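> Fold the following and give me the result.
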Amino acid sequence: MKIVVVGGTGLIGSKLVTKLGEHGHEAVAASPNTGVDTLTGEGLEEVLTGAQVVIDVSNSPSFEPAAVLEFFETSTGNLLAAEAAAGVGHHVALSVVGTERMPENGYFRAKIAQEQLIEKSGRPFSLVHATQFFEFVRGIADEATDDDKVRIAPVRFQPIAGDDVARAVGRVAVGSPLNGRVEVAGPEQFRMDEFFREALAGWNDPREVVTDPHALYFGSTPGERTLVPGDGATLGEIRYSDWPGRNATGK
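Okay, the predicted model is just below:
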């Protein structure tokens, strides 16, 4: 099966290309690095020729609200149009758990717009909502830092390893279109402030983690269950305590 992975040279995309290839599929990485630009449409017709499935794990280069909205609307619109012309039978998109619960967040709002375009396109589709990746934990701590204090809300948090995300997306991609969504999350749920207190200790990071009910999460205040999935979510296999990158040094 030919599967085109848009964003295929990034964190999740590169893992997907490898895993799909190991299972005998023709997995093709599509990104500006490989001559495919979903914002301009460059290379789309060529890369989609003969493809049965497209997986979109691309991300905006800017998280500024207007820029990220423009990216997902333009990129997704171009991609869906090219897929229709090529006869692609399954569009899979990676999204975020909690988008609908924090619409005031510019990034989440852009992901909602992306999902709505897909749902209204008439194309067979599957949406995979994932919780935050282990690989981004350090970035979350840095974003939450104010004067050497890491301000974190005492809400539920259920991060997942990038390898588990790739496995889950790959399984969905080779199955029948859901024409709906599935949620994926890590195998353990934590209180977010306590998780980061332990994570920073594991990095020998001297910053103090401060429990702050009003702390922002990339510009918005999460509720108790904003960042965790509902019942029936697919759970990953890798625990944070077993994840090889948990004690990586540097930022």
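> what's in contact with whichever strand or helix holds residue 73?
For residue 73, the host element (DSSP states H and E) is helix 65-86. Helix 65-86 is contacted from outside by 6, 38-41, 44-45, 48-49, 51, 54, 56, 58, 60-62, 91, 93, 106-107, 109-111, 113-114, 117-118, 121, 123, using CB atoms under 8 Å, 6 or more residues apart in numbering. (Glycine included, C-beta is placed from N, CA and C.)
> next SSE after that helix?
Assigned by DSSP H and E, the successor of helix 65-86 is strand 90-96.
> ok and that following strand relative to helix 65-86, angle-wise?
160 degrees (axes from the mean of the first three to the mean of the last three CA atoms, to 10 degrees).
> quick one: average pLDDT of strand 90-96?
On average, the pLDDT along strand 90-96 is 98.
> With just CA atoms, put that strand into CSV.
C-alpha atoms of strand 90-96 as CSV (Å, rounded to 0.1, in the frame of the first residue of the first chain):
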residue,chain,number,x,y,z
HIS,A,90,-8.3,7.6,3.3
HIS,A,91,-7.2,10.9,4.9
VAL,A,92,-5.7,10.5,8.3
ALA,A,93,-4.9,13.6,10.4
LEU,A,94,-3.1,13.9,13.8
SER,A,95,-4.7,16.3,16.1
VAL,A,96,-4.8,17.1,19.8
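> That one - contacts with which helices or strands?
Helices and strands touching strand 90-96, by 3 or more CB pairs under 8 Å, 6 or more residues apart in numbering; DSSP states H and E, are strand 53-56, helix 65-86, helix 106-119, strand 125-130, helix 162-173.
> Parallel or antiparallel, list what pairs with the first one.
Within its sheet, strand 53-56 is paired with strand 2-6 (parallel), strand 90-96 (parallel), according to DSSP bridges.
> Would you tell me which one of those strands is buried the most?
strand 2-6 (a mean of 25; mean count of other CB atoms under 10 Å).
> Can you show me the CA trace of that strand as CSV?
Taking Å, rounded to 0.1, in the frame of the first residue of the first chain, the C-alpha atoms of strand 2-6 are listed here in CSV:
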residue,chain,number,x,y,z
LYS,A,2,1.3,3.4,-0.9
ILE,A,3,1.0,5.8,2.1
VAL,A,4,2.1,9.4,1.8
VAL,A,5,3.1,10.9,5.1
VAL,A,6,2.8,14.7,5.1
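> Show me what the mean pLDDT comes to for that strand.
Mean predicted confidence for strand 2-6 is 98.
> Strand 2-6 and the helix or strand following that strand, what's the angle between them?
Later in the chain than strand 2-6, the nearest helix or strand by DSSP H and E is helix 11-22. Relative orientation of helix 11-22 and strand 2-6, computed by the same axes, to 10 degrees: 170 degrees.
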